[in-house]
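J.: Need a 3D model of the sequence below.
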Amino acid sequence: MLPLESPFASAPVPNTVLIVDDDEINRGILENIFAPAHDIEQAEDGVQGLQAILRNPDRLCAVLLDVVMPRMDGITVLRRLRQAGLLQRLPVFLITAEASDSVLKDAYELGVMDVISKPIVPFVVLRRVQSVVELFKARRRLNNVVLMQQADLLAKAEQIVQLNIGMIEALSTAIEFRSGESGEHVRRIRDITRLMLLRTELGAGLSAETVDQIALAAIMHDVGKIAIPDAILNKPGRLTPEEFEVMKTHTVQGALLLEKIPQLRENEAYAYAYDIARHHHERWDGRGYPDGLKGDEISVWAQVVSLADVYDALSCKRVYKAAFPREQVLEMIRDGQCGAFNPRLLDCFFAVEADLARLYEHA
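T.: Residues are numbered from 1 along each chain as shown. Here you go, the predicted model:
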């Protein structure tokens, strides 16, 4: 259920009848008929009536409109209301002695709810108007219920989305803790990926929603490390060639792990997560792993996460090294000491690196 402060639950039910007629006696008669059950407003001609309606149409439950009036007649008022799109949600009744075929035809084509001839019979007018007013009120209540249900479903769907994101972050963070890192690493990779795709040409053609999905997928880039033995994962020194071959398998293991989670495969982020987990150690020159992809064979998002991973690893302390100063980090990336990267990717990286560096101010 929605909370009591929901705007749908508290929407007021309109209860005001507007009487538009240039004859004071007619206005008085109609007021006497409807005043016991409704608030009454009066207008002396079409101009006043139209202004009163447009000022706040949601307060009105019905408009009783004469046809022959000075300054603006009833049919012209109807045309203006139709142009404003109000006749679908506000019942308007013509109450007139001018009930010729042409008037009736024009009125009904414009969308008037009913045409009641003068002289009026009070109980007939009351019944015909009140029946329609109740119908419109019932429709409004039904619309409010539907809106409340839709809002409730959207809120629950958002809760499920946030729960799924939380579970993904928890899994990725747990793996980082296992390798002696804090959960901040995966969050920085997410933030770096999002920033580079949103603020550079690398994200051209990608919607903001897609960028968010890719950033979420980036969190899972190292999930395959769960299959790497602790002795290798947390070794403080250089890995032997044999140990490095085992470490390299975390890319394939990560893709296989993601493939085996059926709930994740239904998520839009899955395809990006699988690709990033498997290919974030590929190199622009084709000397990466596990598939030896080269150049544009590597997806843009896998390239971005690859560079983000290197940038974060150099900028932070790890079990096998201290953090490097920012100037040295940039020099190592620029000189290719940490892998071969797409020149366009590097240009975009250096264009926004000052913003990326702010992620480390309180690290």
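J.: quick check: mean pLDDT across stretch 307-317?
T.: For stretch 307-317, mean pLDDT rounds to 92.
J.: And for stretch 260-274?
T.: Mean pLDDT, stretch 260-274: 83.
J.: Now for Val115, how many residues are close by?
T.: For Val115, the count of nearby residues is 17 (other CB atoms under 10 Å). Every residue, glycine included, has its C-beta placed from N, CA and C.
J.: ah, wrong one, I meant Leu198
T.: The number of residues packed around Leu198, counting by other CB under 10 Å, is 15.
J.: Is it in contact with Ser207, as I believe?
T.: No: using CB atoms under 8 Å as the test, Leu198 is too far from Ser207 to be in contact (10.6 Å).
J.: confidence score at the residue lying closest to Ile95 once chain neighbours are set aside?
T.: Excluding its sequence neighbours, the residue lying closest to Ile95 (CB to CB, 6 or more residues apart in numbering) is Ile116, at 4.8 Å. You'll see Ile116 listed with a pLDDT of 88.
J.: Distance from the helix or strand that contains Ile116 to the middle of the chain?
T.: Using DSSP states H and E, Ile116 sits within strand 114-117. Once both centres are worked out by CA atoms, centre = their mean, to the nearest Å, strand 114-117 turns out to sit 46 Å from its chain's centre.
J.: just use 175 as the starting number from now, easier for me
T.: New numbering, starting at 175: the last item is strand 288-291.
J.: on that earlier part again, could you measure the residue nearest to Ile269 against Ala271, distance?
T.: Separation of Ile290 from Ala271 (CB to CB, to the nearest Å): 11 Å.
J.: for Arg373, same thing?
T.: 69 Å.
J.: before we move on, what about Leu309?
T.: According to CB to CB, Leu309 stands 27 Å off from Ala271.
J.: number of nearby residues for the closest residue to Ile249 other than its chain neighbours?
T.: Setting aside the residues directly before and after it, Ile249 is nearest to Asp280 in space (CB to CB, 6+ apart), at 5.4 Å. By other CB under 10 Å, the residues close to Asp280 number 17.
J.: May I ask which helix or strand encompasses Asp280?
T.: Going by DSSP H and E, Asp280 is part of helix 275-284.
J.: What is that helix packed up against?
T.: When contacts are defined as 3 or more CB pairs under 8 Å, 6 or more residues apart in numbering; DSSP states H and E, helix 275-284 packs onto helix 248-257, strand 266-270, strand 288-291.
J.: make it 6 Å
T.: helix 248-257 (3 or more CB pairs under 6 Å, 6 or more residues apart in numbering; DSSP states H and E).
J.: Count the residues that sit near Trp475.
T.: When neighbours are counted by other CB under 10 Å, Trp475 registers 28.
J.: May I have the secondary structure class of it?
T.: Following DSSP: H, G, I helix; E, B strand; the rest coil, we place Trp475 in the helix state.
J.: could you measure the closest residue to it other than its chain neighbours against Thr367, distance?
T.: In this structure, Trp475 finds its nearest non-sequential neighbour in Ile388, 4.7 Å apart by CB to CB, 6+ apart. According to CB to CB, Ile388 and Thr367 sit 6 Å apart.
J.: Which one of Ile290 and Ala271 is surrounded by more residues?
T.: Between Ile290 and Ala271, counting by other CB under 10 Å, Ile290 is the more crowded of the two (16 against 13).
J.: re the thing from before, the strand holding Ile290 pairs with which strands?
T.: Applying DSSP bridges, strand 288-291 is found paired with strand 266-270 (parallel).
J.: can you list contacts of the partner strand?
T.: Applying CB atoms under 6 Å, 6 or more residues apart in numbering, the contact partners of strand 266-270 are 237-241, 248, 281, 286-290, 303.
J.: redo that, cut-off 7 Å
T.: 236-241, 248, 252, 255, 281, 286-290, 292, 294, 303 (CB atoms under 7 Å, 6 or more residues apart in numbering).
J.: by how many degrees do the one helix or strand Val237 maps to and helix 248-257 diverge?
T.: Element membership of Val237 [criterion: DSSP H and E] is strand 234-239. On the basis of axes from the mean of the first three to the mean of the last three CA atoms, to 10 degrees, strand 234-239 is oriented at 150 degrees to helix 248-257.
J.: Where does the prediction get shaky in this structure?
T.: Scanning the chain for pLDDT under 70 picks out 175-186, 317-318, 320-321, 327-357, 493-494, 536-537.
J.: Domains of it: list them as residue ranges, please.
T.: Domain segmentation of the chain under automatic domain parsing yields 190-324, 353-534.
J.: any idea how far Ile366 is from the nearest residue to Cys490 once chain neighbours are set aside?
T.: Nearest non-adjacent residue to Cys490, counting by CB to CB, 6+ apart: Ala497, 5.3 Å away. Plainly put, Ala497 is 16 Å away from Ile366 if you go by CB to CB.
J.: So between the two, which is more surrounded?
T.: Ranked by neighbour count (other CB under 10 Å), Ala497 and Ile366 place Ile366 first, with 25 against 15.
J.: Got phi/psi on Met394?
T.: Here is the backbone geometry of Met394 (degrees, to the nearest 10): phi -90, psi 20.
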